[in-house]
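Peer 1: coordinates only, sequence not included:
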């Protein structure tokens, strides 16, 4: 029986004897594996990215939207149907429930903001100071001294870092008066530009008291109500409480939609995971192509080495031995190619990280395992036919060729 | 040692059957030095291939060292080739990417001989062939005569009972041919059974026993007792 170490030595020697063919095969395998690694990493990165975005939305969050969401399976943010407005009173009534810790009403509109001759269109959000805690927004400077009573307007504004830069330049902003629409507000704080938060670019937001925003846009209604549940365990109870409160206040009509962060997150998670599988599957096709290349190259190898195979038989190699030698060669080449591909893939990931530091790129372990597994099995499956052909060669005919 | 009982070999070429061997009876004893000569297509190479287990008879039986070879499995056949038979070819058939030493080592590697023993035996075999200083050369760096001596070292490294040579000098100049013949005949002196197939009357004439073949039959055998040999039946 041939020794394992001898088998490997022989195969390595054989592979090394045909450099170009070996290099091509390794390259094909490496590209296949690398594309699986990189593409699934990107897909997984997108999933993690969205997860992080949701986490920055705040914890135990429920979002109340006006209107009943009738379409099932559609994007949860798009709500169909007309309904009664949500008012600040509705929002504040939610605080009565023991399941609710904080509530922040939100009105949103776009208005020109100007200071010292400079004007810029900005998204204006009207809310209460609780908004900052609910959504994990930090102030880089100053504060948001909106009145405790959400129905009282007050000319104070907190602005995003980008707006501060564009309107004030190097000038200090806190304490200055700026104009939003036709009203004057005093800048009391600057929002910390800690990343972005689903739907809002904190850097380009102006936050004012909710009653001021309602006056500014001349509407009593709210765009959203942000509700923070006491804990993760009571999110479902909080949702029921919210729905029953609105039903009570809207004459028995259930005309709001409550989105829990968990549900949205689960949906996105599912979609993006499917996306990762899809791109991974597409990349796996390239592994199949690499497998066919292996078959081709191994077939060439068998005909190139016909007389060597004849010789091995004359020297006492059985059919099984020849089969094993060629299969080992195919398997070893695809393993080495797979490992090169892993390195290439990780290098590609590093390049993506270097280009887009904010994007979390990680190769999922299952994709790495699957890529290597497919590489190895492609090598074996597509190496089997050439190996079998080698094993079956008639030694007399094989030796007749020089 | 070698016994063929009315061995025939028929090749299928298209839908025609071409007989290469026609009821050949042959017995070769241990340590004999036999040459097989004959014109091209006389079946002498086919006979050698059957004796060397590279080919199987279409009919008849073949006994090597009293074992019925026709009944062996592929694995047993390979083992017999490895341990009992050595081949020397006209075109050497050295593996070009391996050094002389690696080529000689090949049968022992296939046989799973421990590396330490292999190294000793390879060194001794190359030394006996006067090729110690060529151990790390690849075939491309060796002369024809040197290549054939490497091939002989490889053929004999497992200490086979039978050495089969198919035109061993056919591809060599006179001087290296003579050298190779000398090496082979030295092996006969040590008791190996040698069967040489050749066109070359000078080489064929050196054998103690000379067989002539024509059209797949043995027509002349210098050992007349074997020419009249008839099978005693199974």
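Peer 2: Cool, the structure landed. This one's a predicted model, so the numbers in the text were calculated from it and none came from an experiment. Residues are numbered from 1 along each chain as shown, chains lettered A, B, ... in the order given.
Peer 1: Which parts of chain A are strands?
Peer 2: For chain A, the strands defined by DSSP state E cover A:61-66, A:100-115, A:118-127, A:139-142, A:156-159, A:177-180, A:183-191, A:205-209, A:224-229, A:256-260.
Peer 1: Redo the ones you listed as TSV? Include mean neighbour count, distance to residue A:244 and mean pLDDT.
Peer 2: To be clear about C-beta, it is placed using only N, CA and C from the backbone, and glycine gets the same treatment. Shown next, in TSV, are the strands of chain A (neighbours: other CB atoms under 10 Å in any protein chain shown; distance: least, CB to CB, whole Å; pLDDT from 0 to 100):
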stretch	mean neighbour count	distance to residue A:244	mean pLDDT
strand A:61-66	22	13	88
strand A:100-115	20	12	92
strand A:118-127	19	24	92
strand A:139-142	16	35	88
strand A:156-159	28	34	94
strand A:177-180	17	37	93
strand A:183-191	20	35	93
strand A:205-209	26	28	93
strand A:224-229	24	13	91
strand A:256-260	20	11	86
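Peer 1: May I see the ones you listed arranged in JSON lines, with distance to chain B as well?
Peer 2: Below are the strands of chain A laid out as JSON lines (distance: least, CB to the nearest CB, whole Å):
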{"stretch": "strand A:61-66", "distance to chain B": "68"}
{"stretch": "strand A:100-115", "distance to chain B": "74"}
{"stretch": "strand A:118-127", "distance to chain B": "71"}
{"stretch": "strand A:139-142", "distance to chain B": "69"}
{"stretch": "strand A:156-159", "distance to chain B": "74"}
{"stretch": "strand A:177-180", "distance to chain B": "81"}
{"stretch": "strand A:183-191", "distance to chain B": "70"}
{"stretch": "strand A:205-209", "distance to chain B": "70"}
{"stretch": "strand A:224-229", "distance to chain B": "71"}
{"stretch": "strand A:256-260", "distance to chain B": "67"}
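Peer 1: want to throw those strands into JSON lines with distance to residue B:38?
Peer 2: Formatted as JSON lines, the strands of chain A follow (distance: least, CB to CB, whole Å):
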{"stretch": "strand A:61-66", "distance to residue B:38": "97"}
{"stretch": "strand A:100-115", "distance to residue B:38": "104"}
{"stretch": "strand A:118-127", "distance to residue B:38": "102"}
{"stretch": "strand A:139-142", "distance to residue B:38": "103"}
{"stretch": "strand A:156-159", "distance to residue B:38": "107"}
{"stretch": "strand A:177-180", "distance to residue B:38": "112"}
{"stretch": "strand A:183-191", "distance to residue B:38": "102"}
{"stretch": "strand A:205-209", "distance to residue B:38": "102"}
{"stretch": "strand A:224-229", "distance to residue B:38": "101"}
{"stretch": "strand A:256-260", "distance to residue B:38": "95"}
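Peer 1: Could you give the number of residues near residue 25?
Peer 2: Using chain A. Using other CB atoms under 10 Å in any protein chain shown, the number of residues around residue A:25 comes to 26.
Peer 1: sorry, should have said chain B
Peer 2: Neighbours around residue B:25, by other CB under 10 Å: 18.
Peer 1: Likewise for residue A:24?
Peer 2: Residues lying near residue A:24 (other CB under 10 Å) number 16.
Peer 1: Just give the closest residue to the residue of chain A found nearest chain B, not the sequence neighbours.
Peer 2: Nearest to chain B, among the residues of chain A, is residue A:316, at 2.2 Å (CB to the nearest CB). The shortest distance from residue A:316 to any non-neighbouring residue, by CB to CB, 6 or more residues apart in numbering or on different chains, is to residue B:82 (2.2 Å).
Peer 1: mind listing what the one you found touches?
Peer 2: Counting by CB atoms under 8 Å, 6 or more residues apart in numbering or on different chains, residue B:82 touches A:315, A:316, A:317, B:107, B:110, B:111, B:158.
Peer 1: got the contact list for residue 43?
Peer 2: You didn't say which chain, so I picked chain A. A:272, A:273, A:275, A:276, A:277, A:278, A:279, A:280 are the contacts of residue A:43 under CB under 8 Å, 6+ apart.
Peer 1: Switch to chain B, please.
Peer 2: With contact set as CB under 8 Å, 6+ apart, residue B:43 has these partners: B:9, B:20, B:21, B:22, B:24, B:213, B:215, B:216, B:217.
Peer 1: low-scoring stretches of the stretch 1-150 of chain A, by residue?
Peer 2: By pLDDT under 70, the low-scoring segments of the stretch 1-150 of chain A are A:55-59, A:69-83.
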